[in-house]
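sequence unavailable; structure follows:
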């Protein structure tokens, strides 16, 4: 049954109902497994398994790429790894500071991995982790929602990690989706882990810089990948075609917010009107679009 | 969640307790409280009505306003009046950037406007004194809102009397929201200004203008990501806008103004001369700009 579900999910990007057990990891390329994240906000039922998370298995070691959204999610991801391999978990890579991507990190402490992140990640976690932890504890109704682990290995531009016969390349970006975005490219399978620089199906959420995000997308689109694993969305999409919707959304937002600023509109007007043509094309649109517009407004009013 | 209000939340000696026990997000405010207790005014010592929002009664809100108004206006009577209108989103999307518009009836001879956020740690967001070039019937500001609160606009009229109007705003967390890249960017361009003036219309009415001032307006409640200390308060204290030596307005601001303070006002331009803006913050840093009216073609 799991195999049937798995293959269905690969083809149809996992409708919400199929993710009742968020620990199911799917092999999307040889040695690359992804646990699909639901298009929901954090709840007790989904354990904050709302972003795609997974792992890459080399000949000598395993790298986790986003350790999950909570302690429970991280533990189930760790179990999933143990079902596939007994190789040591040597690296835990955090694609950025948001809780749905990093709060499972503490579940991997017993493995003593190297925690890897963007050079700005320690500062970002120091700023927000306590606040996020409090909020997550409330959403998940648990005293232990997990915790991120401050990375000790920081990526300033690019870096490579050797998993044994498999070298993955990490790249840090300027302020884009967030100020700590990191991607991972596995050349051997032409697979790109895009983190939250790529949203598919779920409305992108902007916590950084809109023009910077579009610039990061330009850089990503020339990566010679056959497939990408979005931070949110199906477990894989074709690359670079899979970025088309996000680019359209971000470009629309940019255009609309600029136009409203030129007209002297208020931030709340901008929040209510910008990118409304995208409504109906994304899940959770109403939950994030207005906020995105305000973040963009703050940035673009100084152009 | 849902820390309930209790009697111990009232009383100024309870300041620490109040800010650590009444409401989650305010827990971070304690160093700020200390800062204010040492350095600031009586206003801050007023006990905020900090109980769970749903339980707050209209009577409690009225009592809070009574205390706040007495402290700000030295006990002078403030008359609720329909000559004043206050517009704000009932549920603000971003509590750290809530647009508020005050309009006064043309018959009201307004000399100054004060915007008060009753339940903010420092309730007075700003007071604007209008000069001869101003049309004092419009003022728009962007504010931070710490918790669900009444917001009051108070106008001082030429005869010295005070009139007010109020609105309830549902927004919370605007004072202690974690630091963002936005703040770093605001720091990098501190003192930069922009002016947008609407084209004049045929009626010869005053022209609307928006002044945007880049300033982080740190309120002392935000944590620095690297040091994990609270970023010291650094906020715009005065904004003086003049044209050809004549005053449009002077604004006295405080920490409840949003980052990058934006002021929309109306004025009767004295010809095409540029507007002179002088901004001073609480560190005594002064920023000056000489801004063209460059009206976009109508």
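That came through, no problem. This is a predicted model, so every value here is computed, not measured. Numbering: from 1, shown residues only, chains lettered A, B, ... in the order given.

ok, residue A:303 - contacts?
A:258, A:261 (CB atoms under 8 Å, 6 or more residues apart in numbering or on different chains). Placement of C-beta: from N, CA and C, glycine included.

centroid residue for the chain?
In the absence of a named chain, this looks at chain A. residue A:231 (2.9 Å; CA atoms, centre = their mean).

right idea, wrong chain: chain B
Closest-to-mean residue, chain B, CA atoms, centre = their mean: residue B:125 / 2.4 Å.

give the contact list for that one.
Here residue B:125 is in contact with B:115-117, B:141, B:143, B:253-254, B:256-257 (CB under 8 Å, 6+ apart).

tally of neighbours for residue B:76?
The tally of other residues near residue B:76 (other CB atoms under 10 Å in any protein chain shown) stands at 13.

which parts of chain A sit against chain B?
Proximity of chain A to chain B (CB under 8 Å from any CB of the partner chain) is limited to residues A:123-124, A:126-128, A:131, A:134, A:138, A:175, A:179, A:207-209, A:264, A:266-268, A:271, A:290-291, A:294-295, A:298-299, A:301-302.

before we move on, back to that, pretty sure the residue nearest to the centre of chain B sits in a strand.
Yes: counting by DSSP: H, G, I helix; E, B strand; the rest coil, residue B:125 falls inside a strand.

list the residues that contact the closest residue to it other than its chain neighbours.
Once flanking residues are discounted, residue B:125 sits nearest to residue B:256: 4.0 Å by CB to CB, 6 or more residues apart in numbering or on different chains. When contacts are counted by CB under 8 Å, 6+ apart, residue B:256 is found next to B:117, B:120, B:122-126, B:143-144, B:175, B:219.

just give the nearest non-adjacent residue to residue B:152, would you?
The nearest residue in space to residue B:152 (CB to CB, 6+ apart) is residue B:116, at 4.3 Å.

neighbours of that neighbour, how many?
26.

distance of it from residue B:68?
6 Å (CB to CB, to the nearest Å).

between those two, what contacts are shared?
If you check residue B:116 and residue B:68 against CB under 8 Å, 6+ apart, the residues they both contact are B:123, B:152.

which elements pack onto the one helix or strand residue A:122 maps to?
For residue A:122, the element it lies in under DSSP states H and E is helix A:121-140. Using 3 or more CB pairs under 8 Å, 6 or more residues apart in numbering or on different chains; DSSP states H and E, the elements in contact with helix A:121-140 are helix A:99-102.

if we use 7 Å, what do you get?
If you count contacts as 3 or more CB pairs under 7 Å, 6 or more residues apart in numbering or on different chains; DSSP states H and E, helix A:121-140 packs onto no helix or strand.

now do the buried residues in the helix or strand where residue A:220 lies.
Residue A:220 is part of helix A:210-221, with elements assigned from DSSP H and E. Across helix A:210-221, burial judged by 16 or more other CB atoms under 10 Å in any protein chain shown covers A:210, A:212-214, A:216-217, A:220.

between those, which sits nearest residue B:229?
Residue B:229 lies nearest to residue A:212 out of the buried residues of helix A:210-221, by CB to CB, at 27.8 Å.

ok so, going back, could you point out the helix or strand that follows the helix holding residue A:122?
strand A:153-155.

pLDDT below threshold where in the stretch 1-150 of chain A?
A:1-23 (pLDDT under 70).

quick one, what contacts residue A:199?
A:230-233, A:246 (CB atoms under 7 Å, 6 or more residues apart in numbering or on different chains).

next up, phi/psi of it, please.
Taking degrees, to the nearest 10, you get phi -110, psi 140 for the backbone angles of residue A:199.

who's in contact with residue B:282?
Residue B:282 makes contact with B:233-235, B:237, according to CB under 7 Å, 6+ apart.

mind redoing it with 6 Å?
Going by CB atoms under 6 Å, 6 or more residues apart in numbering or on different chains, residue B:282 touches B:235, B:237.

residue B:235 versus that one, what's the distance?
6 Å.

what of residue A:29?
52 Å.

those two: which has the busier surroundings?
Comparing residue A:29 with residue B:235 by other CB under 10 Å, the one with more neighbours is residue B:235, at 21 against 17.

and the more buried one, what does it touch?
Here residue B:235 is in contact with B:217, B:255, B:282 (criterion: CB under 6 Å, 6+ apart).

would TSV of those with secondary structure and distance to residue A:191 be doable?
Formatted as TSV, these follow (DSSP: H, G, I helix; E, B strand; the rest coil; distance: CB to CB, whole Å):
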residue	secondary structure	distance to residue A:191
B:217	coil	45
B:255	coil	48
B:282	coil	53
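
among the residues you listed, which one sits closest to chain A?
residue B:217 (12.6 Å; CB to the nearest CB).

for the closest one, give me phi and psi.
phi 50, psi 50.

contacting residues for it?
B:235, B:257, B:259.

go again with 8 Å.
B:186, B:234-236, B:255, B:257-261.

which of these fall in helices?
residue B:186 (DSSP state H).

least confident pick among the contacts of residue B:217?
In terms of pLDDT, the lowest of those is residue B:186, showing 74.

please tell me I have it right and it contacts residue B:216.
Yes: look at residue B:186 against residue B:216 with CB atoms under 8 Å: they come within range, at 4.3 Å.

what's the overlap in contacts for these two?
B:259-260.

poorly predicted segments of chain B, please.
Looking at chain B by pLDDT under 70, you get B:1-56, B:176-183, B:223-228, B:294-298.

all helices of it, in order?
B:15-21, B:30-39, B:42-45, B:58-72, B:181-188.

which phi and psi does residue B:120 have?
The phi/psi pair for residue B:120 (degrees, to the nearest 10) is phi -80, psi 150.

tell me the contacts of it?
Counting by CB under 8 Å, 6+ apart, residue B:120 has contacts B:48, B:144-147, B:149, B:175, B:256.

now stretch B:230-244: buried residues?
B:230-231, B:233-236, B:239-243.

just curious, which of these is nearest to residue A:95?
The closest of those, once distances to residue A:95 are taken by CB to CB, is residue B:231, at 27.3 Å.

please verify my assumption that that closest one contacts residue B:255.
No: assessed by CB under 8 Å, residue B:231 is found out of contact with residue B:255, at 11.7 Å.

which residues are common contacts for the two?
residue B:220.

ok, which stretches of the stretch 1-150 of chain A are strands?
A:25-29, A:32-35, A:53-57, A:62-65, A:89-93, A:114-118 (DSSP state E, counting those that start in this stretch).

could you dump these to CSV with distance to residue A:202?
Converted to CSV, the strands of the stretch 1-150 of chain A look like this (distance: least, CB to CB, whole Å):
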stretch, distance to residue A:202
strand A:25-29, 18
strand A:32-35, 15
strand A:53-57, 14
strand A:62-65, 18
strand A:89-93, 21
strand A:114-118, 22
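
would you mind saying which of the ones you listed lies nearest residue A:280?
strand A:32-35 (26.9 Å).

what packs against the closest one?
Secondary elements touching strand A:32-35 (3+ CB pairs under 8 Å, 6+ apart): strand A:25-29, strand A:53-57, helix A:71-84.

so can I have TSV of these showing distance to residue A:109?
Listed next are those as TSV, based on distance: least, CB to CB, whole Å:
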stretch	distance to residue A:109
strand A:25-29	20
strand A:53-57	16
helix A:71-84	10
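
deepest-packed of the ones you listed, please.
Greatest average neighbour count among the helices and strands packed on strand A:32-35 goes to strand A:53-57 (a mean of 26), per mean count of other CB atoms under 10 Å in any protein chain shown.
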